[in-house]
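>>> Fold the following, please.
(2 chains)
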Amino acid sequence: MNEFVVALGWTGMYGAMALGAIGSIIGCAIAGQAAIGAMLETEGGYGRFIGISVMPSSQVIYGIVVMFTLQRNVTPENGGALFGIGIMAGLALLYSAVLQGKTCASAINAAKAKPEIFGLSLAPAAIVEGFAVFAFVFALVIAGGIPGGQ
Amino acid sequence: MMGEQYLTLIASLPPHMPKLFKTRQTPISRLKLDERLQMLEPEHRQELALIENLVHWNRMAIDTSDLEMIKRGRAVEQQLQNAFIKEIVQWRLEERTIVAALRRRRLGINVPPPVTHWGYGRWLRYIEAHWMEPAFALEYIFPWIPEAAQLLQDNNYLALERLLLSLVWDHYGRVVGDHYFDFEAVVVYVLRWDVIDRWSRYNKQRAEQRFNDMLDSALGGYASLFA
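The predicted structure is shown next:
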């Protein structure tokens, strides 16, 4: 049983980063495809389409920070906590990255047609980012209470 | 949740204007549109061609008979797998059936006998049963019928054409709903493109020419007897 809890602890520790990375991969791919399409249609301003399309990459960075915060000797006492925080933070980062990719794709499609709404069209993506930051920050806060840290 | 199979394709297409009659030309040429549609999966390309061939008048021979049209409609319906697209095609063919009924009645044709192939869809028998009602008792479901009947009565064909095109345009805009980057969105984009194309090509000379062609085709050899 102890070994199983230790394995869960390692899964949670790496899971935050892995799930964040999966989300960023999917989100950036979704927004990136829209950016490529928009570049086919427009005559300039390609940089800003690419700029929007990389927005979902922040989630993997949050995941890495959570992983390093959780990093410690995994024991049966702290394995469950590491698993819970790591996996839940990772899932929040994954979903936020995928859905942020979709909002970025819509923003790119809209801004291509109406350049004057470029800034405003990013608001939904920014709000999604805000929720990812909540998940990230509170994972760090709560990780402070896990035994075995430096 | 929306699909995003055709993110690149949709993002590469210029948007349609919100109002049909403010548009003077299509937002993208057919050549360029076809080039972009190469991004579709082969089976989707085939499905789109089937739909366009059925609902786009310009892709039909002038002398296509009603029976031929109905047969074609049913064959396409059988081949379509996607319920959303099936619904769009059915709606369009049913709308045409109502217009055909209005025209037939205007020409003084009585209730078509049940064996006649003159229309398509759910409302066929209902229309036959209410043939003498001004709007076939369908005005609560299709509020545009009284206006269309009146325009037909007044021989105001241009206004009728505008009404029907705006009807189709608005319907496509309404049903596309939350389809942004999927095949359904591509189909609606192309069908709306067809509507703009039809409207932008519309001019008096062409309409007269087409009418004369249709007349010649309908009269066949008899026209020459009176020449």
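>>> right, and B:Trp123 touches B:Leu138 too?
Yes - counting by CB atoms under 8 Å, B:Trp123 touches B:Leu138, with 6.6 Å between them. Yep, even glycine has a C-beta here, placed from its N, CA and C like the rest.
>>> neighbour-wise, which of the two wins?
B:Trp123 (20 against 17; other CB atoms under 10 Å in any protein chain shown).
>>> ok so, going back, joint contacts of B:Trp123 and B:Leu138?
Jointly contacting B:Trp123 and B:Leu138 under the rule CB atoms under 8 Å, 6 or more residues apart in numbering or on different chains are B:Ile98.
>>> what's around the residue in chain B that chain A sits nearest to, how many residues?
Distance from chain A to each residue of chain B (CB to the nearest CB) is smallest for B:Ala11, at 2.8 Å. When neighbours are counted by other CB under 10 Å, B:Ala11 registers 27.
>>> likewise A:Ala123?
Residues within reach of A:Ala123, counting by other CB under 10 Å, total 12.
>>> phi, psi of the residue of chain B closest to chain A?
Dihedral angles of B:Ala11 (phi, psi; degrees, to the nearest 10) stand at phi -70, psi -20.
>>> from memory it sits against A:Ala107, does it?
No - look at B:Ala11 against A:Ala107 with CB under 8 Å: they stay out of range, at 10.7 Å.
>>> What segments of chain A are helices?
Assignment of helices within chain A using DSSP state H yields the ranges A:2-41, A:46-53, A:58-70, A:79-113, A:118-121, A:123-143.
>>> Need those helices in CSV (columns: distance to chain B and mean pLDDT).
Shown next, in CSV, are the helices of chain A (distance: least, CB to the nearest CB, whole Å; pLDDT from 0 to 100):
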stretch, distance to chain B, mean pLDDT
helix A:2-41, 3, 94
helix A:46-53, 9, 89
helix A:58-70, 18, 96
helix A:79-113, 4, 94
helix A:118-121, 13, 89
helix A:123-143, 13, 95
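>>> Get me the contact residues on chain B for chain A.
Counting by CB under 8 Å from any CB of the partner chain, chain B comes close to chain A at B:2, B:4, B:7-15, B:36, B:180-181.
>>> which of those residues has the most neighbours?
For the residues of chain B next to chain A, neighbours tallied by other CB under 10 Å; top is B:Leu7, 29 neighbours.
>>> Hmm, it is touching B:Phe181, no?
Yes - counting by CB under 8 Å, B:Phe181 is a contact partner of B:Leu7 at 4.6 Å.
>>> okay, and the common contacts of those two?
Counting by CB under 8 Å, 6+ apart, the residues touching both B:Leu7 and B:Phe181 are A:34, A:105.
>>> quick revisit: quick one: which of the helices of chain A is nearest B:Thr23?
helix A:79-113 (14.0 Å; CB to CB).
>>> Next, report how far the closest one is displaced from the centre of its chain.
Helix A:79-113 sits 5 Å away from the centroid of its parent chain (CA atoms, centre = their mean, to the nearest Å).
>>> Spatially central residue in chain B, please.
Nearest to the geometric centre of chain B sits B:Val55, at 4.6 Å (CA atoms, centre = their mean).
>>> Share the number of residues neighbouring B:Gln38, please.
8.
>>> Local confidence estimate at it?
In this model, B:Gln38 is scored at 92, pLDDT.
>>> List the buried residues in stretch B:86-94.
Under the neighbour-count criterion of 16 or more other CB atoms under 10 Å in any protein chain shown, stretch B:86-94 has B:86, B:88-94 buried.
>>> Find the centremost residue of chain A, please.
Chain A has A:Gln59 as the residue nearest its centroid, 2.2 Å off, counting by CA atoms, centre = their mean.
>>> Was I right to think that one contacts A:Ile25?
No - in this structure A:Gln59 lies outside contact range of A:Ile25 using CB under 8 Å: 9.9 Å.
>>> For the biggest helix by length in chain B, output the C-alpha coordinates as CSV.
Ranked by residue count under DSSP H, the longest helix found in chain B is helix B:83-106. Output of helix B:83-106 as CSV, limited to C-alpha atoms (Å, rounded to 0.1, in the frame of the first residue of the first chain):
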residue,chain,number,x,y,z
ALA,B,83,-28.0,15.3,-39.9
PHE,B,84,-27.3,19.0,-39.9
ILE,B,85,-26.6,19.1,-43.6
LYS,B,86,-29.5,16.8,-44.4
GLU,B,87,-31.7,19.3,-42.6
ILE,B,88,-30.3,22.2,-44.6
VAL,B,89,-30.9,20.4,-47.9
GLN,B,90,-34.4,19.4,-46.9
TRP,B,91,-35.3,22.9,-45.9
ARG,B,92,-34.1,24.3,-49.2
LEU,B,93,-36.1,21.7,-51.2
GLU,B,94,-39.2,22.2,-49.2
GLU,B,95,-38.9,26.0,-49.7
ARG,B,96,-38.7,25.4,-53.4
THR,B,97,-41.7,23.1,-53.2
ILE,B,98,-43.8,25.9,-51.6
VAL,B,99,-42.6,28.4,-54.3
ALA,B,100,-43.5,25.8,-57.0
ALA,B,101,-46.9,25.4,-55.5
LEU,B,102,-47.5,29.1,-55.5
ARG,B,103,-46.4,29.3,-59.1
ARG,B,104,-48.6,26.4,-60.2
ARG,B,105,-51.6,27.9,-58.5
ARG,B,106,-50.8,31.3,-60.1
